[in-house]
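here you go, sequence then predicted model.
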Amino acid sequence: MACRISELVIEAADPELLAAFWSGVLGYVELGREEDGSIEIGPPGVGFGGLRPTLILSPNSEPRAGKPRLHIDVNATDRDQDAELERLLALGAKPADVGQTGEESWHVLADPEGNEFCLLRARLQPL
């Protein structure tokens, strides 16, 4: 038997800000809140346990130390990469420099708290 990813937890100085940002990026909705200030977002009408993992934005006021060892890659589902890049920038993403050459087929971006993610070129079918 194998496992599959059901949730990704992102520690955030401002869970509200990141929940709004990632909901806009992924087309997710708020699924719930915990007393500790965590916010879970996921696919509308499906929630936890579906084919796509939910995200939990968990409060953490400690400054981030060093480069994260994990980042998220995203692909557009209904537009080309250039149009999706413009949409993500309008949502609050910022270009990030991690040493790329400029010849890559992907764009490196950062969410409003500086967490890097990549926008890949291929368009995927929505789930």
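Cool, the structure landed.

list the residues that contact the closest residue to Lys94 other than its chain neighbours.
Closest residue in space to Lys94, ignoring its immediate chain neighbours: Ala110 at 5.0 Å, by Cβ to Cβ, 6 or more residues apart in numbering. All C-beta spots, glycine's among them, are computed from the backbone N, C-alpha and C. Shown in contact with Ala110 (Cβ atoms under 8 Å, 6 or more residues apart in numbering): Ala93, Lys94, Pro95, Ala96, Glu116, Phe117.

so what sits opposite Ala110 in the bridge?
On the basis of DSSP bridges, Ala110 takes part in beta bridges with Lys94, Glu116.

sticking with Ile41, tell me its helix or strand.
If you go by DSSP states H and E, Ile41 is part of strand 39-42.

quick one: buried residues of the helix or strand just after that strand?
Secondary structure here is assigned by DSSP H and E; on that basis, the next helix or strand after strand 39-42 toward the C-terminus is strand 54-59. Along strand 54-59, the positions that meet the burial threshold by neighbour count (16 or more other Cβ atoms under 10 Å) are Thr54, Leu55, Ile56, Leu57, Ser58.

the third one against Glu40, yeah?
Yes. Between Ile56 and Glu40 a contact is recorded at 4.9 Å, counting by Cβ atoms under 8 Å.

shared neighbours, the two?
Residues within reach of Ile56 and of Glu40 at once, by Cβ under 8 Å, 6+ apart, are Glu7.

direction included, what does the strand or helix carrying Asp73 pair against?
Assessed by DSSP H and E, Asp73 sits inside strand 72-74. Strand partners for strand 72-74, identified by DSSP bridges, are recorded as strand 116-119 (parallel).

how far off centre is the strand it pairs with?
For strand 116-119, the separation from the chain centroid amounts to 8 Å (computed by Cα atoms, centre = their mean, to the nearest Å).

got a list of contacts for that strand?
With Cβ under 8 Å, 6+ apart as the test, strand 116-119 has contacts from 68, 71-76, 81, 84-85, 88, 93, 96, 98, 106-111.
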